[in-house]
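J.: need a structure here:
(2 chains)
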Amino acid sequence: DGGITQSPKYLFRKEGQNVTLSCEQNLNHDAMYWYRQDPGQGLRLIYYSQIVNDFQKGDIAEGYSVSREKKESFPLTVTSAQKNPTAFYLCASSIISGAKNIQYFGAGTRLSVL
Amino acid sequence: QKEVEQNSGPLSVPEGAIASLNCTYSDRGSQSFFWYRQYSGKSPELIMFIYSNGDKEDGRFTAQLNKASQYVSLLIRDSQPSDSATYLCAVHPPNFGNEKLTFGTGTRLTIIP
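T.: Numbers count the residues shown, from 1 in each chain, chains lettered A, B, ... in the order given. As a prediction, this is how the structure comes out:
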């Protein structure tokens, strides 16, 4: 089955701890994205990557880090510098096609602070 | 002014009626437009995309794009309770090579049986 797999589904972070959210895709998509969604709000872009070993900051990158060592994988680390990490985190991917950038989403990871 | 604006709702529509969802965008050169449906607690799923002025129909869904007025709308005919969800509008900016989408905050739609 082709798709985007995010794990874990639920994650709890202790004070001062870094946590890593996994995102894997087998759609052969070039571009991958991380979004944060807070209750009643839209999606805010954290980081995105259009090619292996390269990524760009989105609108709310502070307190987060990413890597793109493989085309299939784009893990997101929520660092201790992110003081309000409780949110729904969504990973997406797309082919690179100019304006026809259809993004497909994984099932999401819900992060809470203990 | 927000780049992509949607009425947050909630929008309540009787079952069987037409639901009309609207989205306006600020960047006149925007090229492509997407509607995603998001059920509570779930991730967004693509339901429609439109690139050209006019209407695009897919089953009970019709997307309408008016670039001169900078709005895009989604019509849902014969609304069903299963259509109750939040609908997100997303816009691709005009700068090619930049694959980012800008999302609106979503409109919550409730279909009343």
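
J.: flag the shaky bits of chain A, pLDDT-wise.
T.: Residue ranges of chain A with pLDDT under 70: A:1-2, A:98-99.

J.: for it, which residues are neighbours of chain B?
T.: Contact residues, chain A versus chain B (C-beta under 8 Å from any C-beta of the partner chain): A:31, A:33, A:35, A:40-43, A:45, A:48, A:50, A:58, A:90, A:94, A:96, A:98-108. C-betas here are computed from N, CA, C, even on glycine.

J.: pull out the buried members of these.
T.: A:31, A:33, A:35, A:42-43, A:45, A:48, A:50, A:58, A:90, A:94, A:101-106, A:108 (16 or more other C-beta atoms under 10 Å in any protein chain shown).

J.: look up how far residue A:106 lies from the residue in chain B that chain A sits nearest to.
T.: Closest residue of chain B to chain A, C-beta to the nearest C-beta: residue B:31 (3.5 Å). For residue B:31, the distance to residue A:106 (C-beta to C-beta, to the nearest Å) stands at 25 Å.

J.: wait, the residue of chain B closest to chain A sits on residue B:72?
T.: No. If you go by C-beta atoms under 8 Å, residue B:31 and residue B:72 don't touch, sitting 11.9 Å apart.

J.: neighbour count winner among those two?
T.: residue B:72 (26 against 17; other C-beta atoms under 10 Å in any protein chain shown).

J.: beta partners of that one?
T.: Beta bridges link residue B:72 to residue B:23, residue B:65, judged by DSSP bridges.

J.: please name the residues that touch it.
T.: Applying C-beta atoms under 8 Å, 6 or more residues apart in numbering or on different chains to residue B:72 gives the contacts B:22-23, B:25, B:33, B:35, B:50, B:63-66, B:89, B:91.

J.: for chain A, what are the nearby residues on chain B?
T.: Counting by C-beta under 8 Å from any C-beta, chain B sits next to chain A at B:8, B:31-32, B:34, B:42-46, B:49, B:51, B:88, B:90, B:92, B:96, B:99-101, B:103-106.

J.: at 7 Å what do you get?
T.: Proximity of chain B to chain A, by C-beta under 7 Å from any C-beta of the partner chain, involves residues B:31-32, B:34, B:43-44, B:46, B:49, B:51, B:88, B:92, B:96, B:99-101, B:103-106.

J.: buried ones among these?
T.: Here, 16+ other C-beta under 10 Å leaves B:31-32, B:34, B:43-44, B:49, B:88, B:92, B:99-101, B:103-106 buried among the residues of chain B next to chain A.

J.: tell me the SS of residue B:82?
T.: Under the three-state scheme (DSSP: H, G, I helix; E, B strand; the rest coil), residue B:82 adopts helix.

J.: spatially central, which residue of chain A would that be?
T.: Geometric centre of chain A, nearest residue: residue A:34, 2.8 Å, by C-alpha atoms, centre = their mean.

J.: OK, contacts around it?
T.: By C-beta atoms under 7 Å, 6 or more residues apart in numbering or on different chains, the contact list for residue A:34 reads A:46-47, A:66, A:76, A:89, A:91.

J.: which of the helices or strands spans it?
T.: Taking DSSP states H and E as the criterion, residue A:34 maps to strand A:31-37.

J.: lovely, talk soon.
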